[in-house]
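# please work out how this folds:
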Amino acid sequence: MLPPHITSLIAIAAVWCIAFRIGMRWTRACGVTGRADALALACVLPTAGLLFAVHVLATISMFTTTGWLTPEGTAFIFAAVTFVAHRRLRTLPRVTPSAHHPSPSTDSHSPWQLGWWWCPVLVVVSMYAVFALEALTRYPANHDALYYHYPQAVVWMQERAIHLINGLTSHSVPENGMIVACLLAFAKLESLFTVVQLPNAALCAILVYALSRFLGAGSKAAIISTCIALSIPIILFQSVSGYIDLYAAVAWLSALLAIGWMSRASAPRARRSLLIMAGLSAGVALGSKTTFVLLVAMLGIIIAAGDWFRIRAGRDTIRTLLTNAAVFTLATLACSGFWFVRGAVYAGNPVYPMAVEIGGVRLLPGIVGDDAFPTRSWSHRIKHWSYYPWRETKYGTGYIYGVDNGLGAAYAAIVPIGLIAAAFAALKRRPRDATETWRVVSLLICLASVILLVTVYCEILRYVLPVAILGISPAALTLDRLMRVCPRSILAVVTASLILTAAVATLKPVHAFLGRAKDDVWTRADYYQIPPLVDEMPPGTRILSLAESTDEYALLGSGFTNRVITPRHWNILTDGAATSNRTLRDHRIEYIFTRHPEPTDCLDKLAIERVFNGAADQPPWMSPNASLYRVRTAPPP
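Sure, this is the predicted structure:
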């Protein structure tokens, strides 16, 4: 018989599929005719329903002394939400897009009759096969994922609640993208952590195809644009990591697609339904990363602008504009409001860990970009980003392609030129229909995001990942024309650039896999270079880590049963006091973990004994050496 948590996860997956079917009927009832569009928007209802179920349990846990967050409770509330959605949506009549705005997704040719254009598709599939196989043979990796993404998810599982530690800013960010990892942690399915983001890469592909067709590109050009999007190294690496930028980007693009179809719908009920879809998707994005607050606000401006033009045309009223603004806001808060409530309750700041400042005066606690990122001159910023797509230079050192850098050779070869051509076409004449209007809107979004990138977002490229993906769709129009004029040349350029990106990007996973095979690194202890004893400790063992914070995830143990206190958390618990036998006893610390060089001035005064000496017990290629100490002072009963 299956364990209870496994059974509950299967039930959640079954409810998700049922909600997807309901979502598919919902999108069709709203007049969404494109198959890719319907598939993408049908994912909104189950995704939002699952998050809402978890947020309800987390909110209850926040105001009680009992943790209510469990897979069983999630499955029950998720099923209830799905049932209510089914009852509310089953009476929706099916409508068609307005006669003034015909669907752009109608194509008389099958999109799969590609001929030699299958070559780019096969290159991309091969890339993802390499990354997926390597990911399935290792444990979760990447700095931010091990630093706070995965540790947060596991701690939520341990406490059965989503609490916040005031002062520990890294562990206080909104994390919709880690909800699935938290549920998997209940069943100890650590092996799935490395591939849990792959479905988001698939959804990203569907969205790029849908948006490209929505803007008027042909099916073949849309498919090649999808290949370009999937070849972006940031997407490629994040699809097998614990980073959540891709998850949030997909949600934001879904919201934009829903707004696009809303502009084409004429029936008030269909427009309202699509607006709700857009709000729910925007809430998923906003609840995944605080930096999306500006991008979500941009979506709100687009909706308001569309309503304003309808008012001027006599098709709507100011009351409709205000109602739509309220509906969009409420739908957004349905999937993100929990994080604002949590910040207000625990830290007195709804947007914690982001500080609120006016005129240089900090009104609410938190951090600002200048606290975490370096400040560079304007000349340096402009010079860096003016040639970035072709040089892909990275601030600092390290592998140029990764979870936070790189757009790929195919992107550099096609997208900038395509965007410039689309911009010239938009400047030559005013939009004549809805499709051309949305081309202009997409270009304006790209322009605004470039400004945000070099200002508010401190030049962190993954913060504007959804817009980097969106830029491919208007560029697909130029690609479409080029594919008709000189198909062989474009095929050669696209295929060669994809192969070049694949050759560079796959070096890292292939090198990592061969290195593990050479050194026989297959166990969790060897992979994270920690004592094997960590994975064998009794449940509830409390470990104080005096090493890097990225060791927190590894020290949680293979069964996620250890309680780990990081250096920053320890500083908060002890109010900055020096580590002593008394503080160890007061906080029931049983083990201390360190790495070379050790804080000997601290350890020499403690009643501890070394039970693992990395210098003697670990192979010489493992560095830095780890040590584990047992605290002799018994914790109080």
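# show me the contact partners of stretch 333-352.
Under the contact criterion C-beta atoms under 8 Å, 6 or more residues apart in numbering, stretch 333-352 has outside partners 48, 51-52, 55, 58-59, 62, 162-166, 169, 172, 174-176, 279-280, 283-284, 286-287, 290, 293, 353, 355-356, 364-366. Any C-beta I mention is one placed from the backbone N, CA and C, and that applies to glycine too.
# give me that answer again for 6 Å
For stretch 333-352, contacts defined as C-beta atoms under 6 Å, 6 or more residues apart in numbering pick out 48, 51, 55, 59, 164, 166, 172, 174, 280, 283-284, 286-287, 364-366.
# only the buried subset of those, as a ChimeraX command please.
Selection of the buried residues among the contacts of stretch 333-352 in ChimeraX, burial being defined by 16 or more other C-beta atoms under 10 Å:
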select :48,51,55,59,164,172,174,280,283,284,286,287,364,365,366
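# among the contacts of stretch 333-352, which ones are in helices?
Among those, DSSP state H puts 48, 51, 55, 59, 280, 283-284, 286 in helices.
# who are the contact partners of Ser473?
Applying C-beta under 6 Å, 6+ apart to Ser473 gives the contacts 211-212, 215.
# ok, Thr290 next?
So Thr290 contacts 174, 354 (C-beta under 6 Å, 6+ apart).
# 7 Å instead, please
Applying C-beta atoms under 7 Å, 6 or more residues apart in numbering to Thr290 gives the contacts 173-174, 351, 354.
# SS state for it?
For Thr290, the assignment made with DSSP: H, G, I helix; E, B strand; the rest coil gives coil.
# Arg21: which of the contacts of Ser473 is nearest?
Nearest to Arg21 out of those is Leu211 (C-beta to C-beta; 23.6 Å).
# show me what the helix or strand hosting that closest one is packed against.
Following DSSP states H and E, the helix or strand that holds Leu211 is helix 198-214. Using 3 or more C-beta pairs under 7 Å, 6 or more residues apart in numbering; DSSP states H and E, the elements in contact with helix 198-214 are helix 35-42, helix 219-230, helix 245-264, helix 465-470, helix 472-485.
# quick one: contacts of that helix?
Applying C-beta under 7 Å, 6+ apart, the set of residues contacting helix 198-214 from outside is 34, 36-37, 39-40, 43, 104-105, 132, 219, 221-223, 225-226, 229-230, 235, 239-240, 246-247, 250, 253-254, 257, 260, 438, 469-470, 472-473, 476.
# which one of the helices and strands packed on helix 198-214 lies nearest to Ser126?
Closest of these to Ser126 is helix 219-230, at 11.4 Å (criterion: C-beta to C-beta).
# so Gly279 touches Thr332, yeah?
Yes: counting by C-beta atoms under 7 Å, Gly279 does reach Thr332; the two are 4.7 Å apart.
# neighbour count winner among those two?
Neighbours per residue (other C-beta atoms under 10 Å) separate Gly279 from Thr332, with Gly279 holding more: 30 against 24.
# how about the more buried one, what does it touch?
Gly279 makes contacts with 327-328, 331-332, as judged by C-beta under 7 Å, 6+ apart.
# what's the spacing between it and Leu333?
For Gly279, the distance to Leu333 (C-beta to C-beta, to the nearest Å) stands at 8 Å.
# over to Val195?
Counting by C-beta to C-beta, the gap from Val195 to Leu333 is 31 Å.
# quick one: which of these two has more around it?
Taking other C-beta under 10 Å, Val195 and Leu333 do not tie; Leu333 has more neighbours (18 against 15).
# double-check that that one belongs to a helix.
Yes: assessed by three-state DSSP, Leu333 belongs to a helix.
# that one and Glu548, how far apart?
Taken as C-beta to C-beta, the span from Leu333 to Glu548 is 36 Å.
# low-confidence regions, the stretch 401-550 of the chain specifically.
Nowhere does the stretch 401-550 of the chain drop to pLDDT under 70.
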